[in-house]
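**Student:** Could you work out the structure for the sequence below:
(2 chains)
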Amino acid sequence: MGTSPRLPSPMPVAPPVLGWATGSGAERSWLSFSMEEDEFFGEKTFQHCCAEFIRHSQQIGDGWEWRTLKDSSEGYMCKTHFQIKSETLMSHSGTSACVQTCLPIEEALELPLDDSEVTETTTGSQVIKYEYHVLYSCSYQVPVLYFRASFLDGRPLALKDIWEGIHECYKTRLLQEPWDAITQQEHPILGQPFFVLHPCKTDEFMTPVLKNSQKINRSVNYITSWLSVVGPVVGLNLPLSYARAASEDE
Amino acid sequence: MHYPIGLLFDLLASSSALPWNITVHFKSFPEKDLLHCPSKDAIEAHFMSCVKEADALKHKSQVINEMQKKDHKQLWMGLQNDRFDQFWAINRKLMEYPAEENGFRYIPFRIYQTTTERPFIQKLFRPVAADGQLHTLGDLLKDVCPSAVAPEDGEKKNQVMIHGIEPMLETPLQWLSEHLSYPDNFLHISIIPQPTD
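**Tutor:** Next comes the predicted model:
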């Protein structure tokens, strides 16, 4: 069949596989979550992992928060951050270079600025608002990353503009099959267009992570591990302290 | 929002006479509210994404993953070119289930109501109960959208519509999923207020 090895289908009885749960005290409640749900990574487990993740986020001021749906136990995690992008055109002795940078020009180029030789025109700085939402997909039984970016006046950024912020090493893969990896979809709770990192491969890459953590008997937060893999692809980075927090919860 | 046209009609205009008159806008695209339709490829990708999600629910993605890329293409081309046999040659495999089961693992459905904040309701729901009984459309509504169904002796407040018709609430959900799904393999169900004529 050519697909990578998968864990056996979700087990009806929660076994020690859930050793990757955070904390031995929490483990018992995790086992009972999954036994109810007959799922490998059910919605309650998702909410539990998010709660732990947000707890650490609050400690380090990383800005993640939980939003619940009115009249429901459903919810999702979200974070907003702002980034300044400035575009500057420089001419230096007849040559010109177009530079996109977030730093003062001098530091970025390590060139002395001599007024007589260089003219610089700032075409404008813009503040971009990035929003990241982590929702649970009951269809795939994994978390899903929704994101969008807009200027302060509300104008949304197109996917190709967001791609400029993505690291080179991810671009090749995404460009080969752009519509498979990132699609624009309706946010299932807000109803607005968001870009989504398709969840159908999540199980494939998370399984080895979880298996390994069982093997070395070390607890892991599914959300932390998953977000540290998918986040950087779309410009969202996780401070290392999240990982330390996850393994310290014992 | 890339919704099937029949669903949009049921949800927004079911009381209108056909043909449905619509107004097409060429300016002021509401970027924050609607998805763009940049190309046919984007529509194909969206369609296939729905089909894959439906199979994740029905078969843990086993059937769709076992198909080759050309089968996926055939499904899309059959739909695009209005070729019933070409489409169903592939789609029938997505409608099968193991002999020992009585139906799919979970039923792919979405329930739409214009009166709610969220765009649709989608939850895990099994077609067969623990005792082997087939769940009905009424069972589904009672479980995931109880406000839509009138109390036993109360007055009927809403219509539950699929493809412009109101199936009986006693209809088994498994049967509806096999026979009344949209091409994307989802049951798109509209809850609309009962017309007052």
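
**Student:** Might you list the low-confidence residue ranges for the chain?
**Tutor:** In the absence of a named chain, this looks at chain A. A:1-39, A:86-124, A:165-167, A:170-180, A:249-250 (pLDDT under 70).

**Student:** could you do chain B instead?
**Tutor:** Low-confidence segments of chain B (pLDDT under 70): B:197.

**Student:** Relative to chain B, how far out is A:S219?
**Tutor:** Remark: distance between A:S219 and chain B (Cβ to the nearest Cβ, to the nearest Å) = 27 Å. Where you see a C-beta, it was placed from the backbone N, CA and C, and this is true even at glycine.

**Student:** Just the CA atoms of the longest strand anywhere in chain B, as PDB, please.
**Tutor:** If you go by DSSP state E, chain B has its longest strand at strand B:187-193. Extracted C-alpha coordinates of strand B:187-193, given in PDB (Å, rounded to 0.1, in the frame of the first residue of the first chain):
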ATOM      1  CA  LEU B 187     -25.200  15.000   4.100                       C
ATOM      2  CA  HIS B 188     -25.800  18.800   4.100                       C
ATOM      3  CA  ILE B 189     -28.900  19.300   6.200                       C
ATOM      4  CA  SER B 190     -30.800  22.600   6.400                       C
ATOM      5  CA  ILE B 191     -33.000  23.600   9.300                       C
ATOM      6  CA  ILE B 192     -35.300  26.300   8.200                       C
ATOM      7  CA  PRO B 193     -38.300  27.900   9.800                       C
END
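
**Student:** Quick check: B:Q159 is in a strand.
**Tutor:** Yes. The assignment for B:Q159 by DSSP: H, G, I helix; E, B strand; the rest coil puts it in a strand.

**Student:** That one bridge partners, please.
**Tutor:** Note on B:Q159: beta-bridge partners B:I192, judged by DSSP bridges.

**Student:** Was I right to think it contacts B:T196?
**Tutor:** No. Counting by Cβ atoms under 8 Å, B:Q159 stays clear of B:T196, with 11.6 Å between them.

**Student:** more crowded one of these two?
**Tutor:** B:Q159 (16 against 4; other Cβ atoms under 10 Å in any protein chain shown).

**Student:** I'd like to know which residues of chain B are adjacent to chain A.
**Tutor:** B:1-2, B:31-36, B:41-42, B:44-46, B:49, B:52-53, B:56-57, B:60-61, B:65-66, B:108, B:117-120, B:122-124 (Cβ under 8 Å from any Cβ of the partner chain).

**Student:** residue boundaries of the helices in chain A?
**Tutor:** Remark: helices assigned in chain A by DSSP state H are A:24-37, A:43-60, A:105-109, A:159-163, A:168-176, A:178-181, A:202-215, A:222-230, A:241-248.

**Student:** my bad, should have said chain B
**Tutor:** Using DSSP H, helices in chain B cover B:5-13, B:40-59, B:62-66, B:69-80, B:84-94, B:137-144, B:173-179.
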